[in-house]
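[1] My questions are about this predicted structure, shown below with the sequence.
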Amino acid sequence: MLPFAVSALLCTALALAPSGSPVTADPPERDDTVVPVNARLASYEHLLHSSGTAGEDPSVAERRDEWDVLHYQLTLIPDFNDLSIDGFVEVTFRALRSGLTSIELDLYDELVVTNILETSGFNTVGYSQANDVLSVRLPAPMEIGDEYTISIAYEGQPQPAGPLGLAFDTTQAGNPTLATISEPFYARSWWPCKDTALDKATVDIIAIVPANMFAAAAGSLEQVMPSGSETLYRWSSEYPMTTYNVSLAVTEYTSWTEEYVSPEGNEFPLEFHVFPEHESIARYEFERVGQMIDFFSGLYGPYAFENEKYGMAEVVLAGAMEHQTMTSYGDFFMTGDRYYEGIVAHELSHHWWGNLLTLTDWDDIWLHEGLATFSDGLWREYIDGRDAYLQFLRQRSAGCCGFYGPISPPSKLFNQTVYQKTAWMLHMLREYVGDTQFFAALRRLTQDPTLRYGSFGRRDFIDAFELETGLELDWFFDQWLRRVGRPEVAAKWARDRENGQRFVDLKVSQVQDDEPWAFPLRIRMSFPSSSVDHDIFVTGELTELRVPVEEWPVEIELDPDEQLLFFDRGVEMDDPEVGGPVAPPVISNDPNPFNPRTAIRFVLPHESAPRLRVYDLRGRAVRTLEPGWLPAGEHRVVWEGDDDNGRSVASGNYLVRLEGTGLDVPAHRVTLVR
């Protein structure tokens, strides 16, 4: 057990270990690859958090609004032999009402409180512990504005909680590790606190660990104190944070720092702490972190924790977590080829969306995870261009079967609807209002002094966009946040002549079972010599359009620039001049099952430029095959069993859809057996 007096010993500040060798330019080889190439994921948001937690805080602590935490000092001594912890927490708080006589903190009953003292006189404070609540009886009533500090000693073996809690583990090289992930409300599983995202506080984290280990945490490293077989590390943060962002990562690390200068001229270190066996891989994987900070700072405003750092600590995990200034990054993603670089971008972007600005209601977790997923897509666009950005969205469209439940309130926190459908919602908003106003609205949020380092909600988000654009946008957010599903759109068109003028008569129908959606829709008419776009706003079940043309179109496309999340039920040519409705196309493949390739055969009823899209059974677009303009008749395209990046996909069942004008045909199932 750690005595309270140990805090008096924290007086010697030592420098962090110096930077190692320069970053490498080419991807290194890895002998112990965690993720085989043929098992990697087209989208990975469901790995970032493994919790199926609903959004309701299970705490039964009462009267949380009567007191405000100002500062925590958390001291932890892990025992890697019996997987236990000893620790104490100093809690400094302010009364928000007169006559405050007690407070209630969250703490799992598996962790036993052994003593509570008032720090001013080291007198014992009364307490009781039950139902995962620590009730503290104050020595005297507090008045509004009074401040008070108590020190809580506790011990025990933390149990798994939510996505992780506090977990002891072992690297593939056999080194013991400790890591924490507490989102959304599982800090209480390893330390006593007021475990709500609504009460941010500054935090000091002290870890006493074996001398061969390093302890990484939020804030700035203020003290390193070796003592025999142990070393004390003290991290201090001047920026308030949520309890779920308080973290610790401990193992035998190889560490290095890089000096970063922001576009605004601010200097702060980038710190990296990785397993020694992964150093060369990590240097390549993390090489562009500074470039990412530049990029997101340009979009969202300057990085907000410049007085401290940005850091990354590798942990044993198939996931990642945006702990404030020290992201925990799973060894699962250390592939050596930046296949999962999007996760690096995702977690970094949370320092704007989640850490600088934190939600007020877990029903609006999309304000964190949806914005971070969208940020991943923006990084793809910046690095690889617009086509890569659209491919990123395609892979997250649940194109075969749709998303489960609404974005808000979510059926489960951290589900794909929250991550991926929100990314699509933001993409649609971007396309609707334009880049200038879209990113100006986001910067309006992050630079608002009433919100920075505090909380924001759905209304704040909508208001920022309405103020920036001058548009009323409740109609947009209400349907995309609250409604299940998406529009299902079909169209029919016919040729007509009147007084020698050619016309195309187009009928756009919403064919879903529920009420109509409202959305802008671009329609592209392609002619032998050119193409013309027509932008309409759809609000009802049927929208009709009569367009004068100089020549007959050879193809009509709905949403050719992929600005809308919808199910395309096809464009059917219903034309008296060619004898009525066109026969539907057919699709098959041979062989089936197949390995390593299969020939996909299909029949086109008319000249067009079809797309063959391959989806996995989770609805993620895996491969898009575009053979170009083809005449009517039978055609054959070979799929090599790879994804759009040229990587082999895993064995299993896939769905192939034939898409394009007049090509509304059921998906065809193919089976890959390796």
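    Received, thanks.

[2] Just give the number of residues close to residue 442.
    The number of residues packed near residue 442 is 23, by other Cβ atoms under 10 Å. C-beta coordinates here come from the backbone N, C-alpha and C atoms, glycine included.

[3] and it, that one's in a helix?
    Yes. Counting by DSSP: H, G, I helix; E, B strand; the rest coil, residue 442 falls inside a helix.

[4] what about it, distance to residue 300?
    6 Å (Cβ to Cβ, to the nearest Å).

[5] can you list residues touching both of those two?
    Contact criterion Cβ atoms under 8 Å, 6 or more residues apart in numbering; residues shared by residue 442 and residue 300: none found.

[6] Low-confidence regions, the stretch 1-150 of the chain specifically.
    Filtered on pLDDT under 70, the stretch 1-150 of the chain yields the residue ranges 1-55.

[7] any chance you could map the strands in it?
    Secondary structure of the stretch 1-150 of the chain by DSSP state E, counting those that start in this stretch: the strands cover 67-79, 84-95, 100-106, 112-118, 126-130, 133-142, 147-156.

[8] Same check on the stretch 401-550 of the chain?
    Under DSSP E, counting those that start in this stretch, the stretch 401-550 of the chain gives strands at 454-456, 488-498, 501-510, 519-526, 531-538, 542-549.

[9] Which secondary structure elements does the fourth one sit against?
    Same thing as strand 519-526. helix 422-433, strand 501-510, strand 531-538, strand 542-549, strand 555-558 (3 or more Cβ pairs under 8 Å, 6 or more residues apart in numbering; DSSP states H and E).

[10] ok so, going back, want to throw the strands of the stretch 401-550 of the chain into a markdown table with distance to residue 100, mean neighbour count and mean pLDDT?
    Shown next, in a markdown table, are those (distance: least, Cβ to Cβ, whole Å; neighbours: other Cβ atoms under 10 Å; pLDDT from 0 to 100):
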| stretch | distance to residue 100 | mean neighbour count | mean pLDDT |
| --- | --- | --- | --- |
| strand 454-456 | 23 | 18 | 98 |
| strand 488-498 | 56 | 17 | 94 |
| strand 501-510 | 56 | 17 | 96 |
| strand 519-526 | 52 | 19 | 96 |
| strand 531-538 | 55 | 13 | 96 |
| strand 542-549 | 61 | 13 | 96 |
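
[11] Okay, domains of this structure per the record?
    As assigned by automatic domain parsing, the chain contains the domains 4-40+68-349, 357-482, 488-579, 587-672.

[12] how about the ones you listed, which one is nearest residue 61?
    domain 4-40+68-349 (4.0 Å; Cβ to Cβ).

[13] I'd guessed residue 620 sits against residue 393; true?
    No. The criterion here is Cβ atoms under 8 Å, and residue 620 misses it with residue 393 at 11.2 Å.

[14] which one of the strands of the stretch 401-550 of the chain lies closest to residue 90?
    Nearest to residue 90 among the strands of the stretch 401-550 of the chain is strand 454-456; the distance by Cβ to Cβ comes to 23.0 Å.

[15] who does the closest one touch, helix- and strand-wise?
    strand 357-359.

[16] Could the C-alpha coordinates of the helix or strand that the strand it packs on is followed by be exported in CSV?
    Next helix or strand after strand 357-359 toward the C-terminus (DSSP states H and E): helix 366-384. Taking C-alpha atoms only, helix 366-384 is exported to CSV below (Å, rounded to 0.1, in the frame of the first residue of the first chain):
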residue,chain,number,x,y,z
TRP,A,366,-21.6,10.7,-33.2
LEU,A,367,-20.1,14.0,-32.3
HIS,A,368,-17.0,12.1,-31.4
GLU,A,369,-16.9,9.0,-33.5
GLY,A,370,-18.7,10.1,-36.6
LEU,A,371,-16.4,13.2,-36.9
ALA,A,372,-13.3,11.1,-36.3
THR,A,373,-14.4,8.6,-39.0
PHE,A,374,-15.1,11.4,-41.4
SER,A,375,-11.6,12.9,-40.5
ASP,A,376,-10.0,9.6,-41.5
GLY,A,377,-11.7,9.9,-44.9
LEU,A,378,-10.5,13.5,-45.3
TRP,A,379,-6.9,12.3,-44.6
ARG,A,380,-7.4,9.7,-47.4
GLU,A,381,-8.5,12.5,-49.7
TYR,A,382,-5.5,14.7,-48.8
ILE,A,383,-3.0,11.9,-49.3
ASP,A,384,-4.5,9.9,-52.2
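
[17] other SSEs contacting helix 366-384?
    Judged by 3+ Cβ pairs under 8 Å, 6+ apart, helix 366-384 is in contact with helix 45-48, helix 289-300, helix 341-349, strand 357-359, helix 386-394, helix 422-433.

[18] give me the low-pLDDT residue ranges for this structure?
    The chain contains residues with pLDDT under 70 at 1-55, 575-585, 662, 664.

[19] looking at it, which residue lies furthest from center?
    For the chain, the C-alpha farthest from the mean C-alpha position belongs to residue 499; by Cα atoms, centre = their mean, that distance is 57.2 Å.

[20] Can you tell me how far that residue is from residue 548?
    According to Cβ to Cβ, residue 499 stands 11 Å off from residue 548.

[21] What of residue 190?
    Counting by Cβ to Cβ - residue 190 and residue 548 are separated by 70 Å.

[22] and the helix or strand containing residue 269, which strands flank it?
    Element membership for residue 269 (DSSP H and E) is strand 267-274. Here strand 267-274 has these sheet partners by DSSP bridges: strand 254-261 (antiparallel), strand 310-315 (parallel).
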